[in-house]
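Student: Sequence first, then the predicted structure:
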Amino acid sequence: MDHFHYRDGVLHAEDVALTRIADEVGTPVYVYSAATFRRHARVFREAFAGLPDVHLAYAIKANPNLAVLRLLASEGYGADVVSGGEMARALAAGVPAAGVVFSGVGKTPGELAAGLDAGIGQFNLELEEEGEVLADLAHSRGVRAPAVLRVNPDVDAGTHAKISTGKRENKFGVAISEAPAMFARLAARPGLDLRGVAIHIGSQLADLAPLEAAYRRIGELVAELRRAGHRITRVDLGGGLGVPYRHDDILPPPAALGEMVARVTKGWDVQLQFEPGRVIAGNAGVLLTRVVWVKPGVAHPYVIVDAAMNDLARPALYDAYHEFIAVEPGGERMTANIAGPVCESGDTFAMGREMNRVARGDLAVFRTAGAYGATMASTYNSRALVPEVLVDGDRYAVVADRILPETIMAAERVPDWL
Ligand code: LLP
């Protein structure tokens, strides 16, 4: 459920008309709903209410805006980060260091050191050598690094190949068959406080069965590690729960995930951790855009909007579907292709889409753009970096400025020999 709805024929985010935001901030612009973020954060938390010890670390890659992070921190969420930049954001937004989980397959020694110096709560190790380097860095500081070992359970998540992470051939985690011996070697290092294991098998999962299979494998691994004498106190079950992109999509709700987790992890006696991203942020944001032209096409007209693949990359990257609805729809419908101004045919959001009739100058939104939207934006074609707005009830704030080409150019240098 989200808080984008029509009132008097105009699409609103909570109590603010999107026409007003377009007039005052311009387009394209991402618009987020604080109430929707809060609702998703609470629904996800309540799904695990029956479990004794749960840590929720919002995967900030989904939407790392500082205002969003502050809001989620105030809902008691920690942060799952995958770079020094994300760690800095989480800390700047007020996420307690102890609630920060550092994931990522390419953490540099510099980033590991920064995490130690910040006193973050957990490093999710992706390979043995990383554990050795972290152990040495910690030892030289006279501390022990809290860590878990990320395991690749070799489960097909049944999602798009580019966002599947739990198959043996993917770059993530260590092979589950090698995990016990590796765990023993790493646990023996004085600089490491190795507390458990982690998995994350992919994103936009529409079915709980692959997750359940992966969790069961992890449960067996935990039992095996304990039989070998290790003390296991944490299991990080990752993120991945999908969201509806089409209004008639049926996805397992967080409560169904919670019920499955309670059943599968019964008796594990660990702190369970989750790294939800999309399920918190996806439907909490839209990309507001204006129709520049309606151009005749072969089978259907092209609706050319002022948002492009540099603002919302998901359709170009993953053939992702985002609903497109008019801000002030009349009753009429049309079938059209929707494209942006960027000079590639890949800058097409939809072909042959049945939609509200729109004309030049009209406003429309791409829905479900709160996750992996603004954060994946670029300035390709020397377009501005898209701004972000957060609505909360009847007020709104610009929470990220539109970064103009002039600002980008100011960071470039032409050497004096040219
Ligand atoms: N934890 C780890 C270790 C991850 O790699 C990810 C996502 C998450 C948690 C959060 O997953 P979520 O709950 O959001 O599914 N750009 C792509 C999605 C990439 C996801 C990468 N990892 C997209 O737009 O679909």
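Tutor: Looks like it came in fine.
Student: Next, the contact list for whichever residue of the stretch 101-250 of the chain sits closest to the ligand, please.
Tutor: Using Cβ to the nearest ligand atom, the closest approach of the stretch 101-250 of the chain to the ligand is made by Gly239 at 2.7 Å. From N, CA and C alone the C-beta is placed, and that goes for glycine too. For Gly239, the contacting residues are Ala59, Asp80, His200, Ser203, Phe274, Glu275, Pro276, Gly277, Arg278, Val279, by Cβ atoms under 8 Å, 6 or more residues apart in numbering.
Student: what about it, which helix or strand?
Tutor: Element membership for Gly239, per DSSP states H and E: none, as it lies in no helix or strand.
Student: Would you quantify the distance from the closest residue to it other than its chain neighbours to the ligand?
Tutor: Leaving aside its sequence neighbours, Gly239 sits nearest to Glu275 (Cβ to Cβ, 6 or more residues apart in numbering; 4.1 Å). Glu275 is 4 Å from the ligand, where distance means Cβ to the nearest ligand atom, to the nearest Å.
Student: Tell me how many other residues crowd Glu275.
Tutor: Glu275: 27 surrounding residues under other Cβ atoms under 10 Å.
Student: That one against Ser203, yeah?
Tutor: No - using Cβ atoms under 8 Å, Glu275 is not in contact with Ser203, being 10.4 Å away.
Student: Could you tell me which of the contacts of Gly239 are located in helices?
Tutor: Using DSSP state H to define helices, the subset of these located there is Arg278, Val279.
Student: neighbour-wise, which of the contacts of Gly239 leads?
Tutor: Ranking the contacts of Gly239 using other Cβ under 10 Å puts Asp80 first, with 32 neighbours.
Student: Who does that residue form a beta bridge with?
Tutor: Ala59, Val101 (DSSP bridges).
Student: Now do the contacts for it.
Tutor: Ala57, Tyr58, Ala59, Ile60, Lys61, Val101, Ser103, Gly239, Glu275, Gly277.
Student: how about the residues of this protein near the ligand?
Tutor: Counting by Cβ under 6 Å from any ligand atom, the residues of the chain close to the ligand are 59, 62, 80, 103, 163, 165, 200, 203-204, 238-241, 275-279, 314, 318, 372.
Student: which residues sit in contact with the closest residue in space to Gly238 that isn't next to it in sequence?
Tutor: The shortest distance from Gly238 to any non-neighbouring residue, by Cβ to Cβ, 6+ apart, is to His200 (2.9 Å). Listed by Cβ under 8 Å, 6+ apart, the contact partners of His200 are Ser103, Arg150, Thr165, Gly166, Phe172, Asp236, Gly238, Gly239, Gly240, Glu275.
Student: Show the average pLDDT along the strand or helix carrying the second one.
Tutor: According to DSSP H and E, Arg150 maps onto strand 145-152. Per-residue pLDDT values across strand 145-152 average out to 97.
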